[in-house]
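Participant: Would you be able to build a 3D model of this:
(3 chains, ligands or ions: 4)
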Amino acid sequence: MQAHTDHDVYYVPPPSIWPLVGSVALLTLAGGFSMLLGKMAAGPYVMALGAGILLVMLFGWFGAVIRESLDGKYSSQVDVSFRWGMVWFIFSELLFFAGFFGALFYARNIALPMLADSQLLWPGFSATWPSAGPGANAVPTPVDAWGIPALNTLILLSSGATVTWAHWGLQKDRQFQLKLGLALTVALGIVFIALQIHEYAEAAFTIRDGIYGATFYMLTGFHGFHVMLGTLMLAVILLRALAGHFTPGRHFAFEAVAWYWHFVDVIWLLLFIFVYWL
Amino acid sequence: MNTATDVADHHEHEHGAPSGIMRWLTSTNHKDIGTLYLWFSLFMFFFAGALAMLIRAELFQPGLQLFQPGVFNQLTTMHGLIMIFGAIMPSLVGFANWQIPLMIGASDMAFPRLNNWSFWLLPAAGVLLIATFFVPGGALAGGWTMYPPLFMQGGIAYDMSILAVHILGISSIMGAINIITTILNMRAPGMTMMKMPLFVWTWLITAFLLVAVMPVLACAITMLLTDRNFGTHFFDAAAGGDAVMFQHIFWFFGHPEVYIMILPAFGIVSTIIPAFARKPLFGYVSMVYAVASIAFLSFIVWAHHMFTTGMPVGGQLFFMYTTMLIAIPTGVKVFNWVATLWRGSITFETPMLFAIAFVFLFAIGGFSGMVLALVPVDIQLQDTYYVVAHFHYVLFSGSAMAIMGGVYYWLPKWTGHMYDERLGKVHFWLTAVAFNITFFPMHFLGLAGMPRRIPDYALQFAEFNMISSLGGFLLGASQLLFLYIVIKCARGGLPAGNRPWDGADTLEWTQTSPPPYHSFVTPPLVK
Amino acid sequence: MRLPNRPDQRVGPSLRAILAVSALLAGLLPAQVHAEFGLNLHAPATGLAQNIYDLHTLILWICCAIFVVVFVPMFFALIRHRKSKGHPAAKFHDNLAVEVVWTIIPVLILLGMAWPATSLVLSMKDTGKEDLTIKVTGHQWKWEYEYLGDDIRFMSNSSTPKEQIDGAQPKGENYLLEVDRPLVVPAGKKIRLVMTASDVIHAWWIPAFGVKQDAVPGFIRDTWFRADTPGTYRGQCAELCGVGHGFMPVVVEVVPEARFTAWKEEQKALLAAATANAGKTYELAELKALGEKVYTANCAACHQANGAGIPGAFPALSGSAIVSGDRAGHIDIVLAGKPGTTMAAFGKQLSDLDLAAVITYERNSWDNKVGDVVQPSDIAARRK
Ligand code: HEA
Ligand code: HEA
Ligand code: CUA
Ligand SMILES: [Cu+2]
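Facilitator: Numbering: from 1, shown residues only, chains lettered A, B, ... in the order given. Ligands and ions are numbered 1, 2, ... in the order given. Model (predicted):
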């Protein structure tokens, strides 16, 4: 056998309490949510408790990872593992959105024409989009794609550019470019969310308005949620950049978040095309 | 050939097995976590099996004897749901945890901490699921397939179950990412992809299926949740939704899901048969391609569960043809197993008995699947006991019996002791015989027109139901023997030695039995 | 038609079990011969069902043949190539030619199976040129039949008494497969069914016709059959639809054309009589008696015969505030149901008389002693 240096040894972390805490957190959260849905008064408090435990877990767990990373425990092989892990995680997220897009296409192109064919039940109904279905008495007025949505497209695309610019800075060890790029990206993310909230508030229809409202809010809502998560993660990365955690050679956390951000970007483009525009 | 033991006290790895309960609660060790998975799934198997016993007791005779229809529907639904998500899937992940690092010469899983989370999410979901039996209105009763609009009518248990399945989904996705990463990135030097044991290959592809379809299930049940609670109308025709849309999304997950439950079982059987035929696996390369083709095809056959929903004829034909195509790669696997046996030097230890029964009985289930794949015939058989017969042949004599075979095969490695071979054989024969008494008559019941998911039936079905129930009770009782054998082996027995099976040649048999707490800390060199 | 395959009821269970085991063994023989033991599909009563039957037989034989070809060699190997017989292990593990062959042969077999199946699918989907169209609506847990163009519409409820289900009475011959009013169709005509449901998905199934079609709420799905031999054909709902799913039989009476015309006239006369009575005022006792019947058929599955409901799932009507309160509120919930729960809108399913009767019955039964009478005209007035 050849001799092994430290770096050839794959780092296996010591026993850790965080996974268990995470499970307790999710159980509490889900239990509280069930109670809320069951109209039990304690529901929101139990949920808050669960969310609290989850936060503790996230700090504990990520804290441990960051410490290990700074201690240089992660060999290049571990780094590759992280990359694979992130790739497949994003892949699974992609499929999650694919399900909702599938619902949109199915409802619009298959279910509505079939409803229109069922004249015996819905006399006079014709398949047009947007639609709140044959039982509704009005057709929802969609959001104009070339208003806020187009602006938001621009914002997200530029945020993709700024995060890449930050990455270039990091690769060349220009820490200022890194920090500025990140800060800009976070700012753009916040603006996007603000505009999205404004759009929701102004929209002439709600999630209850039939299939159009349901697909619209579900898709844009989950996307918006992902933007929020992404912005939060970027903010954490910004803090770590300020603390000088990243070097040109070792900055997987940065890259992971950047990948995630690009993924959110791509989903938005699809949303813009299929939900707002067409 | 490995240096595993002498680096055990390497400074980065001085944490040995912690003692007491914390060893299990906080473990980052793939073997401990694998053990947890296996015990958990065994418990759930008995829980869901006990529900099946109640089902068979009610169906023993026509008439309502033990349960009101609403309770009966809870029993069948929870039986199906827990068997699939609580018993079969976790036990296969348990095998993955124990075997994959050992088989590819890795020190552990790629993400040991995440691995622990994947496991500990299961009891959380299990608690939530089992608790539904005690909430007002009772547990889920709309079938494990959760079809709306029936699903809209349930009580709080329905929301709890959705959240439980979400948690199970998170666990599965993280477990699968872990497995893929381990296989892609942690193989010992020299262990090329095409040298990996077939079990590892089947899990690589299964994990891919999991990452691809569990999110789709999450999407489907999220829509159920919002339809129930937040005023969306995805499945309500009056608002432009469609109940059948749920079925499409569900089965886009559901069909790959059934292969998720069978592909690792193929892997186990492909490991056992060569070992006891003392002959290399026939057609390794074509086996790999066959598994990949099955996985690919599994994405485009889903609507064969929906032939009676009234799809356009083009849809019916497309899904019929693609479904039939699956017979080809599956056939290749069956033929290869037979060819592996051919001119071997065969012995019949318990694992081998289970593996052979698997090939034989799974084929019966596969053939009834072919019968169901033909649209006109499926129109007659959809939602009858013929389908119940089909899926118990592929799930019990398929997945579950492969799992039992795998347990016998690797128990000596896991515990360091030999199990009781004589009792093992008794368990096998009781299981195989009782299984067929239970489920073979269901083909006839289905053909003769008995619908599934009914608590009471017309008189002409009485005989076969009685036989089936008697078989079922015997089958259930036989599993108590299994429990006894496993516990007995875990607690002691003849030392197994490093390699109790002379035909076994994968990497795990080079380790001691049980393997050291940290095996392959430095990777072995595979030639 | 009698259902095939019922061994004599007088035979004890143990003997029945023996009979069944031999039937099981007999299953290895050609299936058709043993149809009376219930081993195979129902005796077909339509051309489509016959074709399905034949297709199934064909596929079964093909599968059996493949089974033999695959497993005879396996068992040969298991018997002959054993270590205990001193058989040494060969070393081969690959053979491209063999593998290609056993990939191609199944392809050919599959083509042979797909061909007849495809043409059968096409003819099953051919719903054109019908002689009669009937709209079938699935409700929890009864079927509604409407003869389109003929103004005939009625409900078809299970008529198996609760006592038989609970074992208090011996079970009748058509236990669980009998209804109060079957669907009546003329023999030899192409009947097109357009199917839908009001609450959840049901499936309308008559095995002897080879017809099974899901009834999906809000959508129309169609299917067809043509039965030539008059007789009674029985089936069941085949999609899980809640607690009454096992108690939702489908019964079709196929009658000669002349009888069918006469039957239609009868129905129309009945309907006319009912409309003539619309303004009539009923006595409490009269309505209670009718109401009890309506209650048993439509409400007891959930609210239970004793009005106690099932805690957590179905509210008790005995002592209910709505039932013993203001009659308008009571009428409204029965007419309109409660969206999002299993409580259906019975206004669409029951006549004014039936509704008046059942509401009167509920208000004056169990712990409820309101003492008032709800007349059909009251119902008509609250229908908007
Ligand atoms: C492990 C799980 C598993 C597996 C492996 C399979 C495998 C297959 N299944 Fe099954 N199936 C289920 C689990 C599984 N199924 C479940 C759980 C349900 C019900 C779900 C519910 O509604 O609750 C179901 C339902 C189901 C239906 C819907 C029935 C209905 O509700 O109407 C259909 C229809 O096409 C079907 C088909 C098939 C086919 C064609 C295969 C094929 O993969 C089989 C291929 C194998 C062979 C064919 C045998 C070996 C091959 C040869 C020896 C080669 C030569 C053979 C020929 C040329 C024919 N299955
Ligand atoms: C992997 C999956 C799996 C497994 C292993 C099994 C195992 C069994 N199943 Fe399963 N079954 C499903 C998956 C599975 N099932 C699914 C998905 C459904 C569909 C659900 C739905 O419709 O939604 C279903 C539905 C189903 C039905 C149809 C219900 C209906 O449609 O109304 C029946 C009926 O007989 C049945 C019976 C059994 C029996 C007798 C066993 C036996 O093999 C079980 C044997 C094991 C034990 C019994 C446990 C061990 C022993 C004890 C607990 C000790 C106590 C017992 C005694 C002393 C006797 N199952
Ligand atoms: Cu209606 Cu089942
Ligand atoms: Cu399938």
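Participant: State the three-state secondary structure for the residue nearest the centre of chain A.
Facilitator: The centroid of chain A falls nearest to residue A:226 when counting by CA atoms, centre = their mean (1.9 Å). Look at residue A:226: counting by DSSP: H, G, I helix; E, B strand; the rest coil, its state is helix.
Participant: just checking, it touches residue A:264?
Facilitator: Yes - the criterion here is CB atoms under 8 Å, and residue A:226 meets it with residue A:264 at 5.0 Å. Using the backbone N, CA and C atoms, a C-beta is placed for each residue, glycine as well.
Participant: Relative to residue B:168, how far out is the residue of chain A found nearest ligand 1?
Facilitator: Among all residues of chain A, residue A:99 sits closest to ligand 1, at 19.5 Å; criterion: CB to the nearest ligand atom. To residue B:168, residue A:99 is 17 Å away according to CB to CB, to the nearest Å.
Participant: Up against chain B, what does the stretch 251-384 of chain C have?
Facilitator: The stretch 251-384 of chain C comes close to chain B at residues C:310, C:311, C:312, C:313, C:340, C:341, C:342, as judged by CB under 8 Å from any CB of the partner chain.
Participant: Give the buried residues for stretch C:361-369.
Facilitator: Applying a neighbour-count criterion of 16 or more other CB atoms under 10 Å in any protein chain shown, the buried positions in stretch C:361-369 are C:361, C:362, C:363, C:364, C:365, C:366, C:368.
Participant: that older thread, quick check: which of the residues of the stretch 251-384 of chain C next to chain B has the minimum pLDDT.
Facilitator: Lowest pLDDT within these is found at residue C:340 (67).
Participant: the strands in chain C, which residues?
Facilitator: For chain C, the strands defined by DSSP state E cover C:132-139, C:142-147, C:152-156, C:183-186, C:191-197, C:202-206, C:211-215, C:221-225, C:231-236, C:249-255.
Participant: residues making contact with the shortest one?
Facilitator: With contact meaning CB atoms under 8 Å, 6 or more residues apart in numbering or on different chains, strand C:183-186 is reached by C:131-132, C:134, C:136, C:143, C:145, C:156, C:191, C:227, C:250-257, C:260, C:263.
Participant: ok, residue A:99 and residue B:168, which is more surrounded?
Facilitator: Taking other CB atoms under 10 Å in any protein chain shown, residue A:99 and residue B:168 do not tie; residue B:168 has more neighbours (26 against 21).
Participant: for that one, what are its contacts?
Facilitator: Residue B:168 touches B:85, B:121, B:122, B:125, counting by CB under 8 Å, 6+ apart.
Participant: In those residues, find the pair that's most separated.
Facilitator: B:85 and B:121 (11.6 Å; CB to CB).
Participant: Quick check: the residue of the stretch 101-250 of chain A nearest ligand 2.
Facilitator: residue A:103 (23.0 Å).
Participant: Residue C:289: neighbour count?
Facilitator: Applying other CB under 10 Å, we find 12 residues neighbouring residue C:289.
Participant: cool, residue A:200 as well?
Facilitator: Residues lying near residue A:200 (other CB under 10 Å) number 16.
Participant: which residues of chain B score low on pLDDT?
Facilitator: B:1-17, B:527 (pLDDT under 70).
Participant: now with 50?
Facilitator: Along chain B, the parts satisfying pLDDT under 50 run over B:1-14.
Participant: Now do the contacts for the residue positioned nearest the centre of it.
Facilitator: Centroid-nearest residue in chain B, with CA atoms, centre = their mean: residue B:88, separated by 3.0 Å. Contact analysis of residue B:88 by CB under 8 Å, 6+ apart lists B:41, B:261, B:395, B:399, B:400, B:403.
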